[in-house]
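Asks: Coordinates only, no sequence provided:
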């Protein structure tokens, strides 16, 4: 099943079940007003939502106006972002002469979850001096995960899969990282692609706890990269188990993969500017690609057809 | 005004307005079923809640059974914890031979906010091997804070003040800190004292954006420390402005002071075991106070009388 959320001037929006081609939708109605509520009572919600999916498959439903869509989860209780693609970390370390990060566990930080931005429209940032960057990521949305959940048991708690632009501010990020406290100012609100999908929708592309699909990024209409989500050093099941080691995870928790990155970056490119700059510095001794400024447009989707998740297509604006 | 939340088997509990002596309460009723909802429409909620406070002042209300109370906010959208007491940081650096943390800004990380534990009862941890510790903190609960809010404007967004036990796992914390990503496993759910109070309740003790009151900690019935909240290097207004530099803060955001700590720690003690161990190591070359294990009891309150916030009084248990 595929879900979207329509802006109805409430904080959580209105839940829509969406047709397989992403063109038509049906409101889930007053019993299931929003996706967060459905996630909190998933087993009870599934029959009603499945019945709507069947009606959509039979040709019912209303045309979806993309301009009215919010993030599928406009807010949720927890956002834990990993950094599971080793190529990304290795490039950053090489370019900036960092010591490798010493850990035998997945890397993960907690980011803001009270606001996820809609897939279209403008994204306001305080200042271009902050080094405005994007990060293309896949993520999973969990049900309630008990504390101590093992990696073996974790995949059963994956309810939905999402495509994320984890907006990042690169002038601030290394300063906050150096404190050891993680990122607050360097990680403003993320954006989500319009459709959240159940894992079965991905078929064989959902395997080993990984989204084995190319994440295609364009900046101002030009190709930037399309690395594949299959190259995670840890699968989402391992990220969930890591997150749940000393806490339960609330239904609606989003776990992110970190910036999608592949060893063949010279062919498949990158999903963030910072990584491309690292590659430039290693190859040429200098940064060549600037960070973003007002009017720049960032598009993220899977493949040419914006499969499964639809398309993030946003423009950077400056709040001052 | 003073607020509490009664367990009614819902995720957010039932909002109570509480008498000035903390003994009696009145349900805020169906219009204001829970505190998070009231915070989201504070200006609309205040007249109704104020009317209940007046009835309580006139002697109405029902006796409060402390065993039925949840955290005043059993869950909320965001928990950002500072580390604003310089004595604490200096002791940790000296004891563990760390370089000082290089920053000219407040220290802050984002912690889990989907669960705050009730002030009484048992707290389950995975293992005593994790180095179970407490941290006594004051915190503020904000309304909606716009991105870019200045420190000068920030105090107007403080709705409530709370007393927090920020449970911490010391075996894990330095390993996570070293990654630069901040803490996930080292910071399980916090506990909140039963009463959240409006700033005016504190009178002169709420000044310069600081809670100028002693935070008294007892472990297994023995005094552990009672340092004062006045010694923050940054006030809560500065912590709020720091947090809102690149994001808006949702109504219900809790901002923490970090472990309360004073320069006169040889007299006033500490509000976490780790700091006491640092003092021991500096003075004697060895740690003397162990971390917590099953059955240990931690109490936190203001002064002898558990003024304003009531009392956190919990027992450590092991989930395995």
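Replies: That came in fine, so what should we check first? All values derive from a computational prediction rather than experimental measurement.

Asks: ok and the residue in the stretch 51-200 of chain A nearest chain B?
Replies: Here the stretch 51-200 of chain A gets closest to chain B at one residue, residue A:182, 2.3 Å apart by C-beta to the nearest C-beta. Where C-beta positions appear, they are placed from N, C-alpha and C, glycine not excepted.

Asks: give me phi/psi at that residue?
Replies: phi 80, psi -170 (degrees, to the nearest 10).

Asks: my read: it touches residue B:110, true?
Replies: Yes: between residue A:182 and residue B:110 there is a contact under C-beta atoms under 8 Å: 7.0 Å.

Asks: what's the domain layout of chain A?
Replies: A:2-68, A:79-318 (automatic domain parsing).

Asks: Let's have those domains in a markdown table, adding mean pLDDT.
Replies: Compiled in a markdown table, those are given as follows (pLDDT from 0 to 100):
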| stretch | mean pLDDT |
| --- | --- |
| domain A:2-68 | 97 |
| domain A:79-318 | 97 |
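
Asks: could these go into a markdown table alongside distance to residue B:233 and mean neighbour count?
Replies: Formatted as a markdown table, the domains of chain A follow (distance: least, C-beta to C-beta, whole Å; neighbours: other C-beta atoms under 10 Å in any protein chain shown):
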| stretch | distance to residue B:233 | mean neighbour count |
| --- | --- | --- |
| domain A:2-68 | 35 | 17 |
| domain A:79-318 | 14 | 20 |
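
Asks: Dump these into JSON lines; add distance to residue B:135 as well.
Replies: Shown next, in JSON lines, are these (distance: least, C-beta to C-beta, whole Å):
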{"stretch": "domain A:2-68", "distance to residue B:135": "30"}
{"stretch": "domain A:79-318", "distance to residue B:135": "14"}
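
Asks: on that earlier part again, hey, what's in contact with both of residue A:182 and residue B:110?
Replies: A:109-110, B:182 (C-beta atoms under 8 Å, 6 or more residues apart in numbering or on different chains).

Asks: Quick one: those as JSON lines, columns for distance to residue B:167 too.
Replies: Shown next, in JSON lines, are the shared contacts of residue A:182 and residue B:110 (distance: C-beta to C-beta, whole Å):
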{"residue": "A:109", "distance to residue B:167": "19"}
{"residue": "A:110", "distance to residue B:167": "15"}
{"residue": "B:182", "distance to residue B:167": "16"}
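
Asks: quick check, nearest of the residues you listed to residue A:1?
Replies: Residue A:1 lies nearest to residue A:110 out of these, by C-beta to C-beta, at 28.3 Å.

Asks: Okay, and the beta partners of the closest one?
Replies: residue A:80 (DSSP bridges).

Asks: how far away is residue A:120 from residue B:50?
Replies: 42 Å (C-beta to C-beta, to the nearest Å).

Asks: Off-centre distance for stretch A:29-40?
Replies: 21 Å (C-alpha atoms, centre = their mean, to the nearest Å).

Asks: Stretch A:180-196 now?
Replies: 9 Å.

Asks: Then stretch A:266-273?
Replies: Per C-alpha atoms, centre = their mean, the centroid offset for stretch A:266-273 relative to its chain is 17 Å.

Asks: go on, stretch A:130-141?
Replies: 6 Å.

Asks: quick one: it near chain B?
Replies: Yes: applying C-beta under 8 Å from any C-beta of the partner chain, one finds stretch A:130-141 touching chain B at residue A:130.

Asks: what do you get for stretch A:94-101?
Replies: Yes: contact between stretch A:94-101 and chain B, assessed by C-beta under 8 Å from any C-beta, occurs at residue A:101.

Asks: which other residues reach that stretch?
Replies: A:89, A:92-93, A:107, A:174, A:277-279, A:281-282, B:178-180.

Asks: 6 Å instead?
Replies: A:93, A:278, A:281-282, B:179 (C-beta atoms under 6 Å, 6 or more residues apart in numbering or on different chains).

Asks: For stretch A:26-38, measure first residue to last.
Replies: End-to-end distance for stretch A:26-38: 15 Å, by C-alpha to C-alpha, to the nearest Å.

Asks: Can that stretch be said to contact chain B?
Replies: No: using C-beta under 6 Å from any C-beta of the partner chain, stretch A:26-38 stays clear of chain B, coming no nearer than 10.7 Å.

Asks: which other residues reach that stretch?
Replies: A:3, A:5, A:12-13, A:15-17, A:45, A:52, A:61, A:72-73, A:76, A:252.

Asks: And stretch A:103-119, by the same measure?
Replies: A:70-71, A:73-76, A:78-83, A:182, A:187, A:189-194, A:234, A:239, A:242, A:312, B:77-78, B:110, B:179, B:181-182, B:184, B:247, B:250.

Asks: What sits closest to residue A:184 if chain neighbours are left out?
Replies: Nearest non-adjacent residue to residue A:184, counting by C-beta to C-beta, 6 or more residues apart in numbering or on different chains: residue B:108, 5.0 Å away.

Asks: For the residue of the stretch 51-200 of chain A closest to chain B, list the residues it contacts.
Replies: Residue A:182 sits next to A:109, B:109, B:181-182 when contact means C-beta under 6 Å, 6+ apart.

Asks: In terms of helices and strands, where is the spatially most central residue of chain A?
Replies: Nearest to the geometric centre of chain A sits residue A:164, at 2.1 Å (C-alpha atoms, centre = their mean). Using DSSP states H and E, the element containing residue A:164 is strand A:158-165.
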